[in-house]
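1. Predicted model and sequence follow; I will ask about them next.
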Amino acid sequence: MGKGRTWRQRRRSKWLLQKKGGNGKETFLCQAEYVHLRKWMKAEGNFKSPHLIPYIFPETGRGLMTRKQLKPGDHILSVSDKLIITSDTVLASDIGHWIKKCEPPLSAHQALAVFLLSERTKGRHSFWYPYLHLLPDTFDTPAFWSAHILNNLPPAALAYARTSLENVRAAHVHVCTWCNLVCPHLAPQLVSEKNFFWAWYAVNSRCVYMEVPSSAFIQERNKNYALVPFLDLLNHSSDAKVSAGLNSATKSFEIVTCSGSRKYEQVFIKYGCHNNTELLIEYGFTIPQNPSNVYEFSLDDILIIAKNLNVTHLVQKEKIFLSNQFETGLNCIDDDVFFSWKLLAVIHILSLSWPKLQNWKSSVSTVSLFCLRGESKHLAMRLVQLAIENLQQHQSQNGKESTISCDKNHLSFHKKLCMNLWRDDFTILRKAQQILTQMT
């Protein structure tokens, strides 16, 4: 008797796993881990994702693979609003009564984090257990790194990471103050900084934008946060083209592909136009050749170089910068334009003589890379060269001081993430240097 279709499908699946570098047992375990989640979601609401299965990819780790070709306009998944966690969900829960007593109100991010911690203590008794017990125990964001590894970040990324940590700690202090005053019985699961960091980054790395009604009990700013089970298996790609949002007719959060995917490919979504520093600090990963990467100069550094080059009328020019919001956005961008308009404008203004400085607004309106000539080009080249030298100095110093004792696997992975950011910065600056050198 000949072998049937089922045998051929199984053989095809086994061949596919071998070709992809996977392991049949590993992938089966990955699928089995989520079978209960899918059953729960189908039983409790309108959940549809018929063609996507969990898979371990060598490039990204866990993700979702499509078992059939997806064409533009095809639905990737659909999740009922009954299975979506928002601030409305939190306010309607058993801790909603206490959250409504918080003054000033919690942010949506804080409220969702508190909700995750509260529900996690219920274990299997929580309605959300099939989703919660699959959340990671820790995250690869720098908030969970040791101080030694953190110091391996490039200077700008390190400053970003420290600011982010300060913001999370301030959010935790707010929660602790509310909890101790209003609901001390919840303190055991909420006041631990370790627990709060876990919940905060569980929300941070998984939430999507979804319109949520305003509430007097939740801060209005950034209120449209939502956690959508199963959706968080979709990884980020800067090339992904999808449309996503709540369908008012089906009352489901739906994702539709605009570009399609080939059979057995990983399906991606796009978290937004984030550079690798933002992706690492907020989500815990980087991507190769990220088109959103930038190198940002500080106005202070530019002014120091200008002073060393004896730029005239520097006091007046600095006043122009500070009164016209030129302190930020001074970037080298990895695209055809390469220098941001603000960076070009600052360099242009610094090169102006006193008579032309009186009419600086009209002259900067048409500034472009090709306007860099003479003094302005020299200033731009000196700025880029100094940035490269500073990075080399910082990197050399980090290399000498990096004596870290911890788990070798984590060490190598997190240090690799740091090295990715260093490489991004050097790539952009050397490309800028090359462009300036080739200009006539």
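-> That came through fine.
2. Would you check the distance separating stretch 243-263 from the middle of the chain?
-> Centroid displacement of stretch 243-263 relative to its chain, using CA atoms, centre = their mean, to the nearest Å, is 21 Å.
3. same thing with stretch 424-436?
-> 24 Å.
4. Residues contacting it, please?
-> 154, 156, 275-277, 286, 290, 293-295, 332, 334, 338-339, 369, 372, 377, 380-381, 384-385, 387-388, 391 (CB atoms under 8 Å, 6 or more residues apart in numbering). The C-beta positions use only the backbone N, C-alpha and C, and glycine is treated the same way.
5. Among those residues, which are located in strands?
-> Counting by DSSP state E, the part of those found in strands is 294, 295, 332.
6. Show me which of those is closest to residue 398.
-> When the ones in strands among the contacts of stretch 424-436 are ranked by distance to residue 398 (CB to CB), residue 295 comes first, at 17.7 Å.
7. For the closest one, grab the count of nearby residues.
-> By other CB atoms under 10 Å, 26 other residues sit near residue 295.
8. isn't it right next to residue 387, touching?
-> Yes - at 7.0 Å, residue 295 and residue 387 qualify as touching, with contact defined as CB atoms under 8 Å.
9. and the most centrally placed residue in the chain, what is it in contact with?
-> In the chain, the residue lying closest to the centroid (CA atoms, centre = their mean) is residue 279, at 3.4 Å. Residues in contact with residue 279 (CB under 8 Å, 6+ apart) are 236, 271, 285, 286, 287, 290.
10. What residues of the helix or strand encompassing it count as buried?
-> Element membership for residue 279 (DSSP states H and E) is helix 276-283. Of all the residues in helix 276-283, those buried under the rule 16 or more other CB atoms under 10 Å are 276, 277, 278, 279, 280, 281, 282, 283.
11. Could you export these as TSV, including pLDDT and distance to residue 101?
-> Output for the buried residues of helix 276-283, formatted as TSV (pLDDT from 0 to 100; distance: CB to CB, whole Å):
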residue	pLDDT	distance to residue 101
276	96	41
277	96	38
278	96	35
279	96	37
280	97	37
281	96	33
282	95	30
283	94	33
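12. Need those residues in a markdown table (columns: distance to residue 176).
-> Formatted as a markdown table, those follow (distance: CB to CB, whole Å):
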| residue | distance to residue 176 |
| --- | --- |
| 276 | 33 |
| 277 | 29 |
| 278 | 28 |
| 279 | 29 |
| 280 | 28 |
| 281 | 23 |
| 282 | 23 |
| 283 | 26 |
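13. For stretch 107-125, which outside residues touch it?
-> Residues outside stretch 107-125 that contact it (CB under 8 Å, 6+ apart): 85-87, 89-91, 93-95, 99, 106, 126-129, 132, 135, 171, 174-175, 186, 189-190, 195-196, 199-200, 202-204, 207, 212, 218-219, 221-225, 227.
14. Apply 6 Å and report the result again.
-> For stretch 107-125, the external contacting residues (CB atoms under 6 Å, 6 or more residues apart in numbering) are 87, 90, 95, 99, 126, 128, 132, 171, 175, 189-190, 195, 199-200, 202-203, 218-219, 223, 225.
15. what do you get for stretch 67-77?
-> 49, 51, 255, 256, 257, 258, 260, 261, 262, 263.
16. residue boundaries of the helices in the stretch 51-200 of the chain?
-> For the stretch 51-200 of the chain, the helices defined by DSSP state H, counting those that start in this stretch occupy 87-91, 96-99, 108-120, 129-132, 147-150, 155-182, 187-190, 193-204.
17. of those, which approaches residue 326 most closely?
-> Taking the helices of the stretch 51-200 of the chain one by one with CB to CB, helix 155-182 is closest: 17.9 Å.
18. other SSEs contacting the closest one?
-> helix 193-204, helix 276-283 (3 or more CB pairs under 6 Å, 6 or more residues apart in numbering; DSSP states H and E).
19. change it to 7 Å
-> On a contact count with 3 or more CB pairs under 7 Å, 6 or more residues apart in numbering; DSSP states H and E, helix 155-182 meets helix 108-120, helix 187-190, helix 193-204, helix 276-283.
20. looking at those helices, which is buried most?
-> Greatest average neighbour count among the helices and strands packed on helix 155-182 goes to helix 108-120 (a mean of 24), per mean count of other CB atoms under 10 Å.
21. what's the angle between the biggest helix by length in the chain and helix 276-283?
-> What stands out as the longest helix in the chain, according to DSSP state H, is helix 408-438. Going by axes from the mean of the first three to the mean of the last three CA atoms, to 10 degrees, helix 408-438 is angled at 150 degrees with respect to helix 276-283.
22. Figure out how far helix 408-438 is from the centre of its chain.
-> Relative to its chain's centre, helix 408-438 lies at 18 Å (CA atoms, centre = their mean).
23. tell me the mean pLDDT for that helix?
-> Mean per-residue pLDDT for helix 408-438: 86.
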